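S.K.: give the three-dimensional model of this entry:
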Amino acid sequence: MSEQQTVPLAAFTEAMSTILRECFETVSSPSMFLDPGDAMFQTLATVSSAEASRPAADGISNVAAEVNHTAFYIDVTLQYLRGENPGKVDWDGSWRVGAVTDDEWTALRDRLRTAYDALQAVVAEPASWAHPQAIMGGIGMVAHCAYHLGEIRRTLGVIRG
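M.R.: Just a heads-up that it's a prediction; the model follows:
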């Protein structure tokens, strides 16, 4: 029978922080899963409010809704990681974003940045990872955010031709 191995908490939090930075800020060297320039904030910096407002097809969310949903998802995940109960969560409401003005688009990107910065602060706190459910939630959150980054990039590919 083999000994049980444990991952030092500092190694786990550093890994989570690094993979979140790659998803949102800039691709690491070496890259873990993105190509250079493909991180969330790098991608969103190239998007106009008109592009953010335009869905790739009928019945598909636009980029603005993807950004709003991602920020909302991070906010809810943060509540769980802090040991808070967010109560009934309006997931459907997080998608209700139509056409946005330049100011609204800037505000949405700022909201996502604020949520991401708060997430990085919570990831660094050892107490955030006291329960296995928090670890599963954190890993799921990375996958969820990466998925929506892919949806944003796919939508942009379609609307930009």
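S.K.: burial measure for L81, as a count.
M.R.: As a burial measure, L81 scores 25 neighbours (other CB atoms under 10 Å). Glycine gets a C-beta too; all of them are placed from N, C-alpha and C.
S.K.: quick check: it touching G138?
M.R.: Yes - assessed by CB atoms under 8 Å, L81 is found in contact with G138 at 6.9 Å.
S.K.: helices along the chain, start to end?
M.R.: 9-24, 40-44, 49-53, 63-81, 102-123, 132-160 (DSSP state H).
S.K.: re earlier: mind listing the shared neighbours of L81 and G138?
M.R.: By CB atoms under 8 Å, 6 or more residues apart in numbering, L81 and G138 have these common neighbours: S128.
S.K.: picking up where we left off before, would you format the helices of the chain as JSON lines with mean pLDDT and distance to W91 included?
M.R.: As requested, those are arranged in JSON lines below (pLDDT from 0 to 100; distance: least, CB to CB, whole Å):
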{"stretch": "helix 9-24", "mean pLDDT": "92", "distance to W91": "21"}
{"stretch": "helix 40-44", "mean pLDDT": "97", "distance to W91": "20"}
{"stretch": "helix 49-53", "mean pLDDT": "98", "distance to W91": "20"}
{"stretch": "helix 63-81", "mean pLDDT": "95", "distance to W91": "8"}
{"stretch": "helix 102-123", "mean pLDDT": "97", "distance to W91": "15"}
{"stretch": "helix 132-160", "mean pLDDT": "93", "distance to W91": "12"}
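S.K.: quick one, which of these is packed in tightest?
M.R.: With neighbours defined as mean count of other CB atoms under 10 Å, the helices of the chain peak in mean count at helix 63-81, which reaches a mean of 22.
S.K.: and the angle from that helix to helix 102-123?
M.R.: 30 degrees (axes from the mean of the first three to the mean of the last three CA atoms, to 10 degrees).
S.K.: what packs against helix 63-81?
M.R.: For helix 63-81, the packing partners by 3 or more CB pairs under 8 Å, 6 or more residues apart in numbering; DSSP states H and E come out as helix 40-44, helix 49-53, helix 102-123, helix 132-160.
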